[in-house]
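Peer 1: I would like to see how this sequence folds:
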Amino acid sequence: MLAKQTSQDLLYLRMLSGGRKPVKMEKTLIWQDEKALESGWLQVDICMRLAFSYYLWKKHFQPPYDESDECRFMRFAALQCSVLNLRALNEFFRPRISGTKETDIRASDYPRFINPGTFLSEPEMKQFNQLIAHLTYTRMFEFDTTWNVFLLLDKAYSYFKAFVDYIHDSHDFALVDPDTQATVQASKVNVQASIVIMKKRYEQWLSEMRAIEQGVVHVS
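Peer 2: Sure, this is the predicted structure:
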């Protein structure tokens, strides 16, 4: 039986979505619906944020000596969260083709955005699918696989940055808040300010990770 969502859960989900009410999905061609596209890019940001879970676990929550089964479990859960969301971001940049699920959000849905394509190689994508996304026999033989999360995040962020820069500069997605009847221009300014803040946050985290990779600082 699925757990019932509490009001706090719904509030948190709305907060992650920028305080906006979810778009009601129509039965046909939702990916061509302007309102769906307006909210869709916020889901891409949530994916990018969650992809940093493993780093943030190590930075803020990992105990100095995390050899207990519980700590190992939580460390692995944070790693899986990062890898699964990196996979989702990679799929976002995969062009929409025949057979793509209508409800999937794709970068190619956005008018005039030059989609760079996927950032994971086919071998990397196969490894993600076999070891993380699906329950496979391969897991038994490659259980000790390691992931260079920094390099994966660095690649993902370069693609993400190109996309949110497009949103920042685009006149097509100057959002109007129906709850407050904000003007298009005021809403666009809010979106642009939010994008500046999110980019600074991710670039700070990547800078910290780069320093750790280079041995400048250490996260215990």
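
Peer 1: Can you show me the helices along this protein?
Peer 2: 7-16, 34-50, 53-56, 69-92, 122-128, 138-141, 149-169, 184-213 (DSSP state H).

Peer 1: Please work out which of those is packed deepest.
Peer 2: helix 53-56 (a mean of 20; mean count of other Cβ atoms under 10 Å). All C-beta spots, glycine's among them, are computed from the backbone N, C-alpha and C.

Peer 1: and that one, what's its mean pLDDT?
Peer 2: Averaging pLDDT along helix 53-56 yields 95.

Peer 1: now for it, which elements pack on it?
Peer 2: Helix 53-56 sits against helix 69-92, helix 149-169, helix 184-213, with contacts defined as 3 or more Cβ pairs under 8 Å, 6 or more residues apart in numbering; DSSP states H and E.

Peer 1: repeat that for 7 Å
Peer 2: helix 69-92 (3 or more Cβ pairs under 7 Å, 6 or more residues apart in numbering; DSSP states H and E).

Peer 1: between the helix it packs on and helix 34-50, how big is the angle?
Peer 2: 140 degrees (axes from the mean of the first three to the mean of the last three Cα atoms, to 10 degrees).

Peer 1: can you list the residues that contact helix 69-92?
Peer 2: 44, 47-48, 50-54, 57, 62-63, 66, 105-107, 118-120, 125, 128, 132-133, 147, 149, 152, 156, 160 (Cβ atoms under 7 Å, 6 or more residues apart in numbering).

Peer 1: returning to what we had before: where among the helices of the chain is the average confidence lowest?
Peer 2: Looking at these, the weakest mean confidence is helix 7-16, a mean of 49.

Peer 1: show me what contacts the residue most central in space within the chain?
Peer 2: For the chain, Cys47 is the residue whose C-alpha lies nearest the centre (Cα atoms, centre = their mean; 1.5 Å). Shown in contact with Cys47 (Cβ under 7 Å, 6+ apart): Asn85, Ala88, Leu89.
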